[in-house]
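Asker: Sequence first, predicted coordinates after that:
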Amino acid sequence: MSHDQHQKVDFDLYAEKYEALLQSQLSFFEGDRSYFTRAKVDILQELMQERQPKAILDFGCGIGLSLPFLKAAFPGADVYGSDLSEKSLQYVRDNIPGVTALPDGDLEKKRFDLIFVSCVYHHIHPSLRSEVTKRLVSLLNPGGSLGIFEHNPYNPVTQRMVSTCEFDEDAILLRPAETSRLLQDDGGLKLASKGFYLFFPGFLKALRGMEKMLRPLPLGGQYFVVASKS
Ligand SMILES: C[S@@+](CC[C@H](N)C(=O)[O-])C[C@H]1O[C@@H](n2cnc3c(N)ncnc32)[C@H](O)[C@@H]1O
């Protein structure tokens, strides 16, 4: 299927029910939905210790579930969220204080030290991913970092969740190698860190302290690749 035939999900239709749908999808793994968001922001916080970002963009922020966590983890930073869905951005403006919702078309007016992209690339057709990556790299300040957090296509539980989720109808999952290639080869960035996370469901909570050690194992529900501009 060519990308112009590729029917993209309209997230305007999900702004009101996104959180509830996510909750029902993920509750088998962990009842506290914020666990999934915190896991990502904790990784970013760990990786950004040496260089505290002053301007952070959550690209494809949706209704902004990560924005309060980014604000709390990086209290000295200006935090922005952008999305193609204007209804989602309006939800951010109405519900999340202390952050700025930016229409996609305004992004070129700003530069960022950290761009966080969570579960967005699998909604972007593969033929467009290189172009999107180059655009995001152009929005980074020198020394800035771009972090892509994605579903792990090797994990059968993740595959099943994606195939039964109504707002994932247009999803085409990316292998970690593709994500690394986009950032390094297409974006010209230098790899900072990569790994898998979300290994243990709630009933194995006690083992979560081992997650960092397990990052090389392709078994976690999701993975991240973070790379930086010289
Ligand atoms: C599954 S939601 C993820 C939202 C949020 N990042 C999160 O982790 O909860 C995917 C979001 O990506 C946005 N999106 C899809 N393609 C995009 C693109 N090319 N540029 C910007 N946002 C995009 C959608 O509008 C939607 O809000």
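Answerer: On my side now, so go ahead.

Asker: From here on, just use CA atoms for contacts and neighbour counts.
Answerer: Noted.

Asker: Tell me which stretches of the chain form helices.
Answerer: 18-26, 34-47, 67-73, 86-95, 126-138, 156-163, 176-181, 211-214 (DSSP state H).

Asker: Pick out the shakiest of those, pLDDT-wise.
Answerer: Sorting these by mean pLDDT places helix 18-26 lowest, at a mean of 88.

Asker: Are it and the ligand in contact anywhere?
Answerer: No. Applying CA under 6 Å from any ligand atom, one finds helix 18-26 separated from the ligand by no less than 8.4 Å.

Asker: cool, stretch 44-54 as well?
Answerer: No. If you take CA under 6 Å from any ligand atom as the test, stretch 44-54 misses the ligand, and the best it gets is 13.8 Å.

Asker: okay if I get the helices of the chain as a markdown table plus mean neighbour count?
Answerer: Output for these, formatted as a markdown table (neighbours: other CA atoms under 10 Å):
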| stretch | mean neighbour count |
| --- | --- |
| helix 18-26 | 14 |
| helix 34-47 | 16 |
| helix 67-73 | 19 |
| helix 86-95 | 18 |
| helix 126-138 | 17 |
| helix 156-163 | 14 |
| helix 176-181 | 18 |
| helix 211-214 | 14 |
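
Asker: what about the ones you listed, which gets the closest to residue 60?
Answerer: Judged by CA to CA, the one of the helices of the chain that comes nearest to residue 60 is helix 86-95, at 9.6 Å.

Asker: Can you check what angle separates that closest one from helix 18-26?
Answerer: Between helix 86-95 and helix 18-26, the angle comes out at 100 degrees (axes from the mean of the first three to the mean of the last three CA atoms, to 10 degrees).
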